[in-house]
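Student: sequence and predicted model, in that order:
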Amino acid sequence: MQKRGYFITSEGPEGAGKTTVMNLLGDKLKEEGYDVVMTREPGGIMISEKIRNIILDNEHIMMESRTEALLYAAARRQHLVEKVQPAIDAGKIVICDRFIDSSLAYQGFARGIGVQEILAINKFAIGDTMPDKTILFDIEPSVGLARINAHKNREKNRLDVESLMFHEKVREGYLSLADQYPERIEVIDASCSVETVLEEVYKVIKSQLEIIR
Ligand SMILES: Nc1ncnc2c1ncn2[C@@H]1O[C@H](COP(=O)(O)OP(=O)(O)OP(=O)(O)O)[C@@H](O)[C@H]1O
Ligand SMILES: Cc1cn([C@H]2C[C@H](O)[C@@H](COP(=O)(O)O)O2)c(=O)[nH]c1=O
């Protein structure tokens with residue numbers, strides 16, 4: 001029988017360090033000979049990158065919450081069938097920056113649509129494909145936002161500029177998901193140095209890869 005790959009997602013509030021640390025993790029795993037695909041949501045392929053631009057464009061302040069949730073789910077569907085699932089089926093390790101838990105935390109909790117509603121539209125979008133392991137980069141939203149704001153060149157998108165209270169609800173949402181799915185979601189303290197966070201994430205992922213290989 002063909003060996004199935006492994007699906008890892010990274011989650012957390014803005015500026016938690018997901019991109020920085022997971023890129024380093026991907027490089028490390030590649031050096032060790034693993035076949036790794038790095039990707040992100042919303043985006044990762046042409047159609048989903050176009051949807052990303054629509055969702056995150058600061059001019060679209062009138063976007064209604066359910067429209068936003070449906071656009072994320074649509075981008076997720078196309079990305080899954082075009083890129084993520086084929087790579088998993090080919091035995092690769094897929095590392096995806098954000099996935100369904102972002103929709104549950106941002107649209108379900110922080111926007112107040114409700115987790116069950118968001119689960120339902122995402123079930124339609126992704127069926128039974130869930131991450132094997134999710135790393136939750138936990139950080140005080142004010143610290144994450146300060147990291148982002150320290151970079152004058154980084155453009156702030158429509159979600160970045162939401163209120164601090166919104167981002168605090170996002171974090172609460174994530175922590176409640178971690179309580180609900182303790183087997184899948186590993187919470188990492190993302191306030192430490194990049195090196196320390198990478199070490200923690202590497203330990204978690206490496207132990208999982210050793211179990212399945
Ligand atoms: N552990 C860390 N300590 C201090 N600064 C960090 C740490 N990790 C990342 N940073 C810096 O914080 C900023 C945001 O990091 P990064 O883009 O990796 O976060 P992110 O979680 O992917 O953010 P977003 O979800 O908003 O895109 C970058 O300038 C990065 O260099
Ligand atoms: C997948 C997904 C993302 N979001 C939000 C989270 C961020 O504010 C942006 C993506 O920007 P990043 O720089 O790539 O982190 O979109 C969301 O609200 N819901 C989702 O499902």
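Tutor: Sure, I can see it. Ligands and ions are numbered 1, 2, ... in the order given.

Student: hey, let's count contacts and neighbours off CA atoms from now on
Tutor: Fine.

Student: and residue 37, bridged to which residues?
Tutor: Note on residue 37: beta-bridge partners residue 94, judged by DSSP bridges.

Student: helices and strands around the longest helix seen in the chain, which ones?
Tutor: Looking across the chain with DSSP state H, the single longest helix is helix 194-212. Applying 3 or more C-alpha pairs under 8 Å, 6 or more residues apart in numbering; DSSP states H and E, one finds that helix 194-212 contacts helix 18-31, strand 185-189.

Student: show me the contacts for the nearest residue to residue 185 once chain neighbours are set aside.
Tutor: Once flanking residues are discounted, residue 185 sits nearest to residue 134: 4.7 Å by C-alpha to C-alpha, 6 or more residues apart in numbering. Going by C-alpha atoms under 8 Å, 6 or more residues apart in numbering, residue 134 touches 8-11, 184-186.

Student: ok, now residue 177?
Tutor: Counting by C-alpha under 8 Å, 6+ apart, residue 177 has contacts 101, 105, 185.

Student: could you verify my assumption that residue 37 touches residue 97?
Tutor: No - using C-alpha atoms under 8 Å, residue 37 is not in contact with residue 97; the gap is 11.2 Å.

Student: hang on, the earlier thing: redo the contacts of residue 134 as TSV? Include neighbour count and distance to ligand 2.
Tutor: Formatted as TSV, these follow (neighbours: other C-alpha atoms under 10 Å; distance: C-alpha to the nearest ligand atom, whole Å):
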residue	neighbour count	distance to ligand 2
8	21	14
9	25	11
10	25	10
11	26	9
184	16	18
185	23	16
186	20	18
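
Student: tabulate these in TSV, adding columns for distance to ligand 1 and pLDDT.
Tutor: Below are the contacts of residue 134 laid out as TSV (distance: C-alpha to the nearest ligand atom, whole Å; pLDDT from 0 to 100):
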residue	distance to ligand 1	pLDDT
8	15	98
9	12	98
10	9	98
11	8	98
184	19	98
185	16	98
186	15	98
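
Student: thinking again about what came up before, residue 175: which of the helices and strands packed on helix 194-212 is closest?
Tutor: strand 185-189 (8.2 Å; C-alpha to C-alpha).

Student: circling back to that earlier point, from the contacts of residue 134, which is closest to residue 157?
Tutor: residue 11 (17.3 Å).

Student: what's near enough to touch that closest one?
Tutor: Residue 11 sits next to 18, 97-99, 101-102, 134-137 when contact means C-alpha under 8 Å, 6+ apart.

Student: let's go with 7 Å and repeat that
Tutor: Contacts for residue 11 (C-alpha atoms under 7 Å, 6 or more residues apart in numbering) come out as 18, 97-98, 102, 135-137.
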